[in-house]
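J.: Using only what follows, build the 3D model:
(2 chains)
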Amino acid sequence: MAIIEVKDVRTVFGERVVHDGLNLSVNKGEIYGLLGPSGCGKTTLLRELVMLQDFAGGHINILGHSLESISHTEAQKLRREWGVLFQAGALFSSLTVAENIALPLVEYTDLSKKMIDEIVAFKINLVGLKQVDGSLYPSEISGGMKKKSALARALSMDPKLLFLDEPTSGLDPISARDFDSLILNLRELLGLSIVMVSHDLQSIYDTLDRMAIIDNKKIAFEGTLKEVRSVNNAFIQTFFREG
Amino acid sequence: MSQASLHVDIQDKQLLLNFSGDLNLYTITKLQNQADTLNTLEIKSIEINLDELSYLDTSAAIFINNLKSQYEKQGIEVLLCIKQEDIESTLALVQNISSEPLSTAVKTPSQFLESFGKSIYEYYLGVVSFFNFLGNLFATKLHYLRSVKKIRYKEIAFDINESGIKALPIIALTAFLIGLVVAYQSAYQLKMYGANIFLVDMLGISILRELAPLITAIVIAGRSGSAFTAQIGAMKITEELDAMRTMGFDPYIFLVIPRILALMIVMPILIFVADIMGVIGGMLIANIDLQITTGQFLERFTQVVDIKHFYIGIFKGPFFAFLIASIGIYRGLRVKNDTQSIGFNTTKSVVESIFAVIVCDALFSIAFTNLGI
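T.: As a prediction, the model looks like this:
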């Protein structure tokens, strides 16, 4: 069952055409990768999926809502059903890690303070942080911890769908592999569907079920890792060269 | 939003809690309140039935687990009935990795004397670190100015335009309005004594000597000093300053000295413009309100307003500029690695530089008076 469907999406920045007719679909429970050379518009597509950016033409359907004709109320509802992890974490610097995670719970639910504290403690554990880290401010923690905290914030409302923008970039290889297994675990435990933009080859091999490769404004390939090597495309050949 | 309900049944000493529907973030608070009101004094065993649940998220799983352990603590036997596998696994997940939230230490409100002392001490440390910055600037960096080649003329020119020339319109307008207002208010008083022509003496001295330099410095502190702080603070957050250091470019030479020099060069020019505009503002009111013609005004001006007043005003310019630029840059370098810090330091930079300018002006006043100038 497809939870995200992208049809003929066209994106134009001024004169420059970024996407010219993208088609892809993400199924429930999948870890789906958006790949491609730098500047091909992976992050742009991700921003379009989470309604941060308009697209010039085509259709995007997420969890049964079509984004080009969504009302404000429906959009607000949809925003609570997904979590987004930004490249640099984008934690709110005036709040502690725990307050960052608690923020959506405080704003959107009528849960008691005690209950929120317990949920936050659980999420902190879930992503592999220590409880003491919760009282630190984003400027006081390392890059890896920022990513984990941001992931915990993205997970705070128990979303069905998670968007990750280069989750392992800027992490050392060990933390990066830990992050991969964390993502795999979370998918297993919480039944998430995950869409991620990634450049990290190891992470691509370890985590992705299926992927779309964007090259030259189009989808150059959509499918599984096994199928990708047989595709005749300059970028794919270099990127997935047997090494 | 989906619904959840709790059906309570009491048989003898057994309590039956029957949950049904969608148990999630939005629905558990109601059920939590309902469960809290239950009287369990007489109860020996409780059966929590989750068979009719359609969905259970991790928050709800925490709630169910808490409910269970809460009853068990009271010595009641608890039985969980779960059929669906996914609900069972969510419960197990939460049980395995849940943890007690840290009890946040309650801050006792500090005593007035304590907090007062602390803030004074912090202020003292701030002053010390500012002098540290100045010392660093004078002791190690100023020698770069000795060699003409090493001065970054391009940066200085850029900053003169950016923080000086572009501020001309706003300074001209402000000075004009101040001249207007001062003349208008005094005109009313002077008219009563028929001392109309003395307006020229008053305006000339106050504007040239005090008002124009001060107004210019205040506008520049608000406009350019704050920009210095924000620019350098943002560069610090994005590690541009560190990048410069690793490449062997000294930020003091590339960023600090050109800005200070630029402001010191352009400030007298701005004060000169403010002088002109302020006097024009006063002249306008003299003409309209006191019927002093432009010719009379200028004639009287040359007779009574000594050239030294103009020089003193201009002379203050570089000093004010140095204070504004160095405080702005110092505040920028103090920005820590978070976005809040930029706002905080920018505010501080403007407040402190205006304060420093006024203190400096007061010192000049005393010095010049004692010197008889």
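J.: In three-state terms, label the residue lying closest to A:Glu166 once chain neighbours are set aside for me.
T.: When the adjacent residues along the chain are set aside, A:Glu166 lies closest to A:Gln87, with 5.0 Å between them (Cβ to Cβ, 6 or more residues apart in numbering or on different chains). Placement of C-beta: from N, CA and C, glycine included. Recorded secondary structure, A:Gln87: coil (DSSP: H, G, I helix; E, B strand; the rest coil).
J.: ditto for the one 5 residues further on
T.: Under the three-state scheme (three-state DSSP), the conformation of A:Phe92 reads as coil.
J.: okay but the residue nearest to A:Glu166 is in contact with A:Thr168, surely?
T.: No - under the criterion of Cβ atoms under 8 Å, A:Gln87 makes no contact with A:Thr168, lying 10.4 Å away.
J.: higher neighbour count, those two?
T.: Neighbour totals were compared for A:Gln87 and A:Thr168, and A:Thr168 leads with 26 against 15 (other Cβ atoms under 10 Å in any protein chain shown).
J.: could you measure the more buried one against chain B, distance?
T.: 21 Å (Cβ to the nearest Cβ, to the nearest Å).
J.: Output the set of residues of chain A in proximity to chain B.
T.: A:93-94, A:105, A:108-112, A:115, A:117-122, A:124-126, A:131-132, A:134-135, A:137-139, A:157-158, A:189-191 (Cβ under 8 Å from any Cβ of the partner chain).
J.: Any regions of chain A where pLDDT drops low?
T.: Counting by pLDDT under 70, chain A shows low-confidence ranges at A:241-243.
J.: Please enumerate the helices of it.
T.: Counting by DSSP state H, one finds helices in chain A at the ranges A:42-49, A:72-79, A:97-108, A:113-126, A:143-154, A:173-190, A:201-207, A:225-228, A:234-239.
J.: could I get those as a markdown table with mean neighbour count?
T.: Below are the helices of chain A laid out as a markdown table (neighbours: other Cβ atoms under 10 Å in any protein chain shown):
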| stretch | mean neighbour count |
| --- | --- |
| helix A:42-49 | 21 |
| helix A:72-79 | 12 |
| helix A:97-108 | 20 |
| helix A:113-126 | 21 |
| helix A:143-154 | 24 |
| helix A:173-190 | 17 |
| helix A:201-207 | 17 |
| helix A:225-228 | 14 |
| helix A:234-239 | 14 |
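J.: could you dump those helices to TSV with distance to B:Ile220?
T.: Formatted as TSV, the helices of chain A follow (distance: least, Cβ to Cβ, whole Å):
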stretch	distance to B:Ile220
helix A:42-49	40
helix A:72-79	44
helix A:97-108	39
helix A:113-126	47
helix A:143-154	38
helix A:173-190	47
helix A:201-207	51
helix A:225-228	60
helix A:234-239	53
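J.: Go through those and name the closest to B:Glu162.
T.: Among these, the nearest to B:Glu162 by Cβ to Cβ is helix A:42-49 (32.4 Å).
J.: Packing partners of that closest one?
T.: The elements that helix A:42-49 packs onto, with contact taken as 3 or more Cβ pairs under 8 Å, 6 or more residues apart in numbering or on different chains; DSSP states H and E, are strand A:2-13, strand A:16-27, strand A:31-35, strand A:57-62, strand A:161-165, strand A:193-197.
J.: what about B:Gly248, is that helix, strand or coil?
T.: Using three-state DSSP, the structure places B:Gly248 in coil.
J.: Which residue is it, in the stretch 251-373 of chain B, that comes closest to chain A?
T.: Taking Cβ to the nearest Cβ, chain A has its nearest neighbour within the stretch 251-373 of chain B at B:Asp338, 3.9 Å off.
J.: ok now do that residue, which residues does it touch?
T.: Listed by Cβ atoms under 8 Å, 6 or more residues apart in numbering or on different chains, the contact set of B:Asp338 reads A:93-94, A:137-139, B:237.
J.: repeat for B:Gly317
T.: By Cβ under 8 Å, 6+ apart, B:Gly317 lies in contact with B:213, B:216, B:264, B:267-268, B:270-271.
J.: B:Asp12 now?
T.: By Cβ under 8 Å, 6+ apart, B:Asp12 has no neighbours at all.
J.: From B:Ile46, how far out is it?
T.: Distance of B:Asp12 to B:Ile46, computed by Cβ to Cβ, to the nearest Å: 12 Å.
J.: Point out the residues in chain B that sit beside chain A.
T.: With the criterion set to Cβ under 8 Å from any Cβ, chain B comes near chain A through B:24-26, B:28-29, B:32, B:57-59, B:62-63, B:66, B:86, B:89-90, B:93-94, B:97-102, B:104, B:336-340.
J.: All set now, cheers.
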